[in-house]
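Participant: build the 3D model from these lines:
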Amino acid sequence: MSQENDPSQKGNRPSLSSVDQELADSIQQTLDKSLLDIDDETRLQLQQARQTALAVTMQRKKNTQRVAWITTAAAASIAAVIILPNMHLSSTQSPEVDDLSYLQVDPQLLEDMDMLMAMGEVDGDV
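Facilitator: Residues are numbered from 1 along each chain as shown. You can find the predicted model right below:
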């Protein structure tokens, strides 16, 4: 760990009175020493506490994922309930196949198109 990022460095502490500074140094030395003198039983207790904390965290993550899936499924169900009936209504309102009135051609339109095509052929030959 670099000295810049180490919060235990004296330069990173707020200014303390000399009595408070001595107390802080004493506490820091005691804690540092206790880290080096951890016995196996304490180390085992710390490992068990870590495993318990990790298990709780994983359980919360699983519960969050479960809630997300339930929410997504509910939203999809609501969307289907709204969209599917509307699709059914639009398909029943379409024109019937027997109604071919829109395909009828005006005879005058056909004559005009023939005349325009003939004029185009004559103009193209010149």
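Participant: from the chain's centroid, how far away is the strand or helix carrying residue 56?
Facilitator: Secondary structure assignment for residue 56, by DSSP states H and E: helix 40-92. Centre-to-centre, helix 40-92 and its host chain are 13 Å apart (Cα atoms, centre = their mean, to the nearest Å).
Participant: look up how far residue 32 lies from residue 26.
Facilitator: Residue 26 is 11 Å from residue 32, where distance means Cβ to Cβ, to the nearest Å. (Glycine included, C-beta is placed from N, CA and C.)
Participant: ok, now residue 115?
Facilitator: Note on residue 115: its distance to residue 32, by Cβ to Cβ, is 105 Å.
Participant: same deal with residue 121?
Facilitator: Counting by Cβ to Cβ, the separation of residue 121 from residue 32 is 104 Å.
Participant: cool, residue 40 as well?
Facilitator: Going from residue 40 to residue 32 by Cβ to Cβ gives 20 Å.
Participant: which of the two has more residues huddled nearby?
Facilitator: Neighbour count, other Cβ atoms under 10 Å: between residue 40 and residue 32, residue 32 has more, with 10 against 7.
Participant: any idea of the mean pLDDT in the host helix or strand of the more buried one?
Facilitator: Per DSSP H and E, residue 32 falls inside helix 18-36. The average pLDDT within helix 18-36 is 88.
Participant: can you check stretch 60-69 too?
Facilitator: The pLDDT scores in stretch 60-69 average 88.
Participant: neighbours of residue 57, how many?
Facilitator: Residue 57 has 10 neighbours, counted by other Cβ under 10 Å.
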